[in-house]
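Undergrad: The following comprises the amino acid sequence and a computationally predicted model.
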Amino acid sequence: MNQKITEFRDGIFHLRTRRFGTVAEIMIKKLFQLDESHTLAFDKKDNLSNKRVEVKFSTVLRKNSEPITDENVMEQIFNANLDNRLVNFEELQKMPFDSNIQQIKRKEFDILYYGLFFADTILIFRMKTSHILSAPGYSDKQHRGNKGEGQFHMNKENLKLHQKYFIKQISYEELYDLLFNKISIH
């Protein structure tokens, strides 16, 4: 990966929540010729099939389960930087990671595009709403008292169970070109 693409990738990893989600939505919109939804209930619209589309992605970072304590707080802060936590797809079997696909409101959409931003590639999956309840690790409860909103985790132990929903893998070079309208990836 050249320096410009590395900075582009790192910028994506530094975006938080809604801003990161918007990048993923634009990527899916351009990859699959989707339209804006013009509603807050779901992200995009497939006007060819008249389906409501939701987009949920997560970055893949090394899992750190060591609690932060008075004694290790400084070490934990310095170890939290991207250089120490990025996971390449090829490291998948050696490196524990935990990515969360969350705030899934099944009644609001028909198709879920979801995926993982690894350090070196992006994996894209597509699932019909009717399959979400049987998704590996799906929980229909995300927050206490919250009804109708669920989540599932993707990690090295269950990633292979999502393979039947896998549709595309793209590089950061391809994403860069796609976002700058230099290429069309279909």
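TA: Okay, I see it. Numbering: from 1, shown residues only.
Undergrad: Could you identify the helix or strand that succeeds the biggest helix by length in the chain?
TA: Secondary structure of the chain per DSSP state H: the longest helix is helix 17-31. Per DSSP states H and E, the first helix or strand lying C-terminal to helix 17-31 is strand 35-36.
Undergrad: now for that next one, which elements pack on it?
TA: strand 44-46 (3 or more C-beta pairs under 8 Å, 6 or more residues apart in numbering; DSSP states H and E). Glycine gets a C-beta too; all of them are placed from N, C-alpha and C.
Undergrad: Can you list the buried residues in the strand it packs on?
TA: 44, 45 (16 or more other C-beta atoms under 10 Å).
Undergrad: Walk me through which strands it pairs with, and which way each runs.
TA: strand 35-36 (antiparallel), strand 51-59 (antiparallel) (DSSP bridges).
Undergrad: Export those strands as JSON lines, with columns for mean pLDDT, distance to residue 173 and mean neighbour count.
TA: Output for the strands paired with strand 44-46, formatted as JSON lines (pLDDT from 0 to 100; distance: least, C-beta to C-beta, whole Å; neighbours: other C-beta atoms under 10 Å):
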{"stretch": "strand 35-36", "mean pLDDT": "94", "distance to residue 173": "26", "mean neighbour count": "11"}
{"stretch": "strand 51-59", "mean pLDDT": "96", "distance to residue 173": "18", "mean neighbour count": "21"}
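Undergrad: Pull the distance from stretch 25-41 to the chain's centre.
TA: 15 Å (C-alpha atoms, centre = their mean, to the nearest Å).
Undergrad: I meant stretch 19-27, not that one.
TA: The answer for stretch 19-27 is 9 Å, by C-alpha atoms, centre = their mean.
Undergrad: Give the buried residues for that stretch.
TA: 20, 21, 23, 24, 25, 26, 27.
Undergrad: And stretch 64-71, by the same measure?
TA: Of the residues in stretch 64-71, none is buried (16+ other C-beta under 10 Å).
Undergrad: Could the C-alpha coordinates of it be exported in CSV?
TA: Output of stretch 64-71 as CSV, limited to C-alpha atoms (Å, rounded to 0.1, in the frame of the first residue of the first chain):
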residue,chain,number,x,y,z
ASN,A,64,-7.5,-6.1,24.2
SER,A,65,-9.3,-7.7,27.1
GLU,A,66,-6.9,-6.5,29.7
PRO,A,67,-8.7,-4.1,32.0
ILE,A,68,-7.4,-0.6,32.5
THR,A,69,-6.2,-0.1,36.0
ASP,A,70,-4.4,2.6,38.0
GLU,A,71,-1.2,0.7,37.4
